[in-house]
Each structure stands twice: as C-alpha cells, then as structure tokens.
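Participant: build me a model from this:
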Amino acid sequence: MVAPLDPVIAQIIPLLPLRDPATMTPQSARDSLRALAASRAAVPPPPVDIVQDIKVRGGAGPLAARLYRAGSSNPAPTVVFFHGGGWVAGDLETHDRQARNLAIETGGVVVSVDYRRPPETRFPGAFEDAFAATRDIFSRIAEFGGDAKRLGVAGDSAGGNLAATTALACRDAGIKLAAQLLVYPVTDVLGHYADARENARYPSRAENAEGYFLTRATMEWFCGHYLTEASDAADWRVSPLRATSLEGLAPAVVTTAWYDPLRDEGAAYARALEAAGVRVKHHEGAGLIHGYFGLGDASEAARSEAQRARADFKALLSRGT
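Facilitator: Okay, the predicted model is just below:
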C-alpha cells in the first residue's frame, strides 16, 4: 500500500525553489537554493566540534572544501561529501546542515567538496573534480584525523550521482572504499529525461513528473546544462547504471523518495548493485519527496528516514575494509 504524501511536506512544497525551468537560469537556480538555506538562519545549525574551510585537489586545480569533525575518536571514519543541485546549483552553504548531520551521526570527519559546475564547466568536469578530490583526501587522510580503512563517499541527487561514479572510479583505481551513501541519486540520464522511450523504463518519471518539488522538466533542464553531447548520457561517469560492471563496489546505502521522478532509477541502481554481489540497504522514502534530507527541521518523517539511512551508513563505515 502506497503511503500518502507527508502532510507537513505537502505544505512546504509550494515554498520550494526551482519551480519553473522555462524561465530558470543557472544564476537564478543558485540564488534560489542559497535563499532557501538562508531562510533557516534563525534555526541554529547542528553543532559540530570543528568546521574548517580547506582546499583539496580537483581535476583542474584546487577546489574549495569544508571539513567537519564531530567526536574525538582518532583516527575517525571519513566521508567525502558531494552536494546536490542538479550539478548546476548547490554549494557548501546550501548543504552545510546536511554535512553537519552526516558528521554528527557517523561520528567522523566529513569533507564537503565544492566541485566545478556547469554551464561554466560541463561534463566531465564535476566527475573529474569529485574523483580527484577523493584521491587527494585519501592521500592526506591522516592530516584530517581520518582512517583510510573507513573511507566513504556520500551525496544527494546530483551529488549522489557523483558519489556513485566516484565509487566506480575508486574501484578501478584500487582505492578501497568502506561504504557509499547515495541519496535519491541520478543514475541513468540516457535520453536527457526528454525521450519518451527511455522515460517509459522508469514509471516514476510520469507519475511524479510535476507537483512534488523536483520535476521531470527540471531534470531535462539540468541535463541540458551539464552535458554537451547527447552521447555523454551513456557514459558511466554520468549514468552509473550504464556501467559495464558493478562488481566489487563498496557496500551501499541507497535512498529514494516515493514522490520523486528519480525514484525508479535509484531503485534500479540498488537492484543492479545487489545483482552484482554488492551489499545494499535501500530506503524507499515512503511519503517523501526529492530533497527530504534537507527538510528534517520541519518534517519528522523526513528526519527519521534520513537518520535511519545515516545509521546504516555509519554501520558500514564502522566495519571498515
């Protein structure tokens, strides 16, 4: 039986940004996500022991990043975190609370990476930054008080896409990750969300095409800014579900949201990981929408589901490699 939309979230949806891709620009998308984050300024952020702006190595030079530390265990589990925002929007500020919660609930070190964004830098720039940053953090992990045997990647939406593709690249490079947390990830962009045949593979793209914050049309807009060529969509570095093999990847926690156009491709990725012999825990996000990890201050249902996913991620990180 399908759970109804959480009534608290139903009231929030009309207040959320990214509502009109027909008039949206990259700058307006960025401004609207920043404004949403700023609107919560009166609510104290989750407290952590250390917050430090740092630099990490990207695909074409240094990148801004932010280190969060909660707890005093040393060495600690370490997470490389990639923010969402359709590759175009989102930054260290918009996802500050998510990174803090991740540090608190894993008891570890979280490094949030501000990768290059389109249209200024198109695919594969964000992927190259994500992978280069992860390699750099892995090589410097003692500097951050981290533990190389308990290194994970995490991200939401487009950041979940970057975490998934980085996990693939790490496997191929011989970097052993302990876990990956993929929060309502983008996993298959073939057809750029505009091709009826490709969309039919994932019924949620029609069922949740509009009315639940993220729309199918907005995903088409994001792809149009991130990708240069139509053929890019088949590349595993943007569509991890299209990878030749998923064997040998780090154990994964995959979350989806029932009222999300990305629901079915995220669930398909979880199934594909399981079929490849990867340990997977899938949280279906009953009654929730895309972006619910950022709605925990308002919705108990969102907070509880996000906490369950982070607890599972912590358990995987604790096992190490």
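Participant: okay, Ala65 and Val79: tell me how far apart.
Facilitator: Here Ala65 is placed at a distance of 12 Å from Val79 (C-beta to C-beta, to the nearest Å). For every residue, glycine as well, the C-beta is placed using N, CA and C.
Participant: more crowded one of the two?
Facilitator: Under the neighbour definition other C-beta atoms under 10 Å, Ala65 and Val79 were set side by side, and Val79 has more, 31 against 23.
Participant: what's the helix or strand for Gly85?
Facilitator: Element membership of Gly85, judged by DSSP states H and E, is empty: it is in no helix or strand.
Participant: tell me the confidence at the nearest residue to Val254 once chain neighbours are set aside?
Facilitator: What sits nearest to Val254 in space, not counting adjacent residues and going by C-beta to C-beta, 6 or more residues apart in numbering, is Ala270, at 4.1 Å. The predicted local distance difference test score for Ala270 is 98.
Participant: pretty sure Ala270 sits against Leu249.
Facilitator: No. Applying C-beta atoms under 8 Å, one finds Ala270 not in contact with Leu249, separated by 11.9 Å.
Participant: in contact with the residue nearest in space to the middle of the chain, which residues?
Facilitator: Computing the C-alpha centroid of the chain and ranking residues by C-alpha atoms, centre = their mean puts Asp156 first, at 1.9 Å. Going by C-beta atoms under 8 Å, 6 or more residues apart in numbering, Asp156 touches 83-84, 95, 98, 183-185, 291, 293-294.
Participant: which residues of the stretch 51-200 of the chain fall in helices?
Facilitator: Counting by DSSP state H, counting those that start in this stretch, the stretch 51-200 of the chain has these helices, from start to end: 96-106, 125-139, 158-173, 196-199.
Participant: buried residues, the lengthiest helix in the chain. List them.
Facilitator: As assigned by DSSP state H, the longest helix anywhere in the chain is helix 300-319. Across helix 300-319, burial judged by 16 or more other C-beta atoms under 10 Å covers 301-303, 305-306, 309-310, 312-314, 316-317.
Participant: and which of the residues you listed is nearest to Asn74?
Facilitator: Leu317 (15.0 Å; C-beta to C-beta).
Participant: correct me, but the closest one touches Gly152?
Facilitator: Yes. Under the criterion of C-beta under 8 Å, Leu317 is in contact with Gly152, at a separation of 5.2 Å.
Participant: got the angle between the strand of greatest length in the chain and helix 158-173?
Facilitator: Ordering each strand of the chain by length in residues (DSSP state E) puts strand 146-156 first. Counting by axes from the mean of the first three to the mean of the last three C-alpha atoms, to 10 degrees, strand 146-156 lies at 140 degrees to helix 158-173.
Participant: distance check, Leu190 against Val278.
Facilitator: On the measure of C-beta to C-beta, Leu190 and Val278 end up 22 Å apart.
Participant: next one: Gly152
Facilitator: Taking C-beta to C-beta as the criterion, Gly152 is separated from Val278 by 14 Å.
Participant: and Leu5, by the same measure?
Facilitator: From Leu5 across to Val278, the span is 31 Å (C-beta to C-beta).
Participant: same check, this time on Ser112
Facilitator: Ser112 sits 25 Å away from Val278 when distances are taken as C-beta to C-beta.
Participant: which one's more surrounded, the two?
Facilitator: Under the neighbour definition other C-beta under 10 Å, Ser112 and Val278 were set side by side, and Ser112 has more, 29 against 18.
Participant: ok, that one - contacts?
Facilitator: Ser112 makes contacts with 65-68, 81-83, 92, 95-96, 99, as judged by C-beta under 8 Å, 6+ apart.
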